[in-house]
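# Task: produce atomic coordinates for the following.
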Amino acid sequence: MILSTRCAGCSRRGPVLCRTCRFALVARPMIDAPAGVVVASAFTGRVRDVLLGFKYQNRRAVAAHVAGILVQRLSAAGALDEGPDVVTWAPTSASRRRQRGFDQAELIARAVAARLDLPCRRLLEREGASGVQTGRGRRARVDPSTRPRFRAHPRTRGRILVIDDVVTTGATLESAGRTLLGAGAISVVKAAVAATPGSLQPARRVA
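This next block holds a predicted model:
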């Protein structure tokens, strides 16, 4: 039986990302999302299709492509100037991980770490089933009582880059960042591949 690969963005036969979809990813303007999150692109059009294919159709090879784009944005935003010591991610819930077979934020974080030649460590765990954001409206996402809650690993130290795939209000990464700082991190840079429309602000350099 001959197995064929399809593009995660448009489902054409061929590589995991066709030339058109690769161009759509890199052609988006640099933007910032809420709460100081460095974002590579808007979660619209072909970018949205690519990330949904990655997340829900097991197109894991997409992680390496979007990691490269995110590293470029982080560099352009000045977020790498002082150099993070370690890369981690805002983990999805255990039920989501079991359902998909992987954590998309972890795959991106590991690919980013490889490009930066940095260690990637699991520094965060979700507390119970807290804060599953998928399918919630904006008002529910910003409600403090519904935000994801995390606990940090005892070895949390230094300057940390924490990764997520898509942000809407920034609540998940905000909670992750606060947890890491409370556990002993010197500083935290929050980054995501994409941000949903309505959350986007003009790009600015990270101090």
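
# Which parts of the chain are helices?
19-26, 45-56, 62-76, 94-100, 104-116, 138-142, 171-183 (DSSP state H).

# among the ones you listed, which is nearest Thr88?
helix 104-116 (6.3 Å; C-beta to C-beta). For glycine as for every other residue, the C-beta is placed from the backbone atoms N, C-alpha and C.

# among the helices of the chain, which is nearest Val87?
helix 104-116 (3.9 Å).

# For Val86, grab the count of nearby residues.
Using other C-beta atoms under 10 Å, Val86 has 19 neighbouring residues.

# Quickly list what it is bridged to.
Ile160 (DSSP bridges).

# wait, isn't it in contact with Pro119?
Yes: the pair Val86 / Pro119 is scored as a contact, 5.2 Å apart, by C-beta atoms under 8 Å.

# Now for these two: what residues contact both?
Taking C-beta atoms under 8 Å, 6 or more residues apart in numbering as the criterion, Val86 and Pro119 both touch Ala113.

# that older thread, quick one: which of the helices of the chain has the weakest pLDDT on average?
Sorting these by mean pLDDT places helix 138-142 lowest, at a mean of 49.

# that older thread, can you tell me which of the helices of the chain is nearest to Ala194?
Of all those, helix 45-56 sits nearest to Ala194, with 5.8 Å by C-beta to C-beta.

# Report the buried residues of the closest one.
For helix 45-56, the neighbour count (16 or more other C-beta atoms under 10 Å) marks Arg46, Val47, Arg48, Asp49, Val50, Leu51, Gly53, Phe54, Lys55 as buried.

# Can you tell me which of these is nearest Asp81?
Out of these, the member with the shortest distance to Asp81 (by C-beta to C-beta) is Val47, at 26.2 Å.

# could you dump the helices of the chain to JSON lines with distance to Ala192?
Listed next are these as JSON lines, based on distance: least, C-beta to C-beta, whole Å:
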{"stretch": "helix 19-26", "distance to Ala192": "14"}
{"stretch": "helix 45-56", "distance to Ala192": "10"}
{"stretch": "helix 62-76", "distance to Ala192": "8"}
{"stretch": "helix 94-100", "distance to Ala192": "17"}
{"stretch": "helix 104-116", "distance to Ala192": "9"}
{"stretch": "helix 138-142", "distance to Ala192": "14"}
{"stretch": "helix 171-183", "distance to Ala192": "7"}
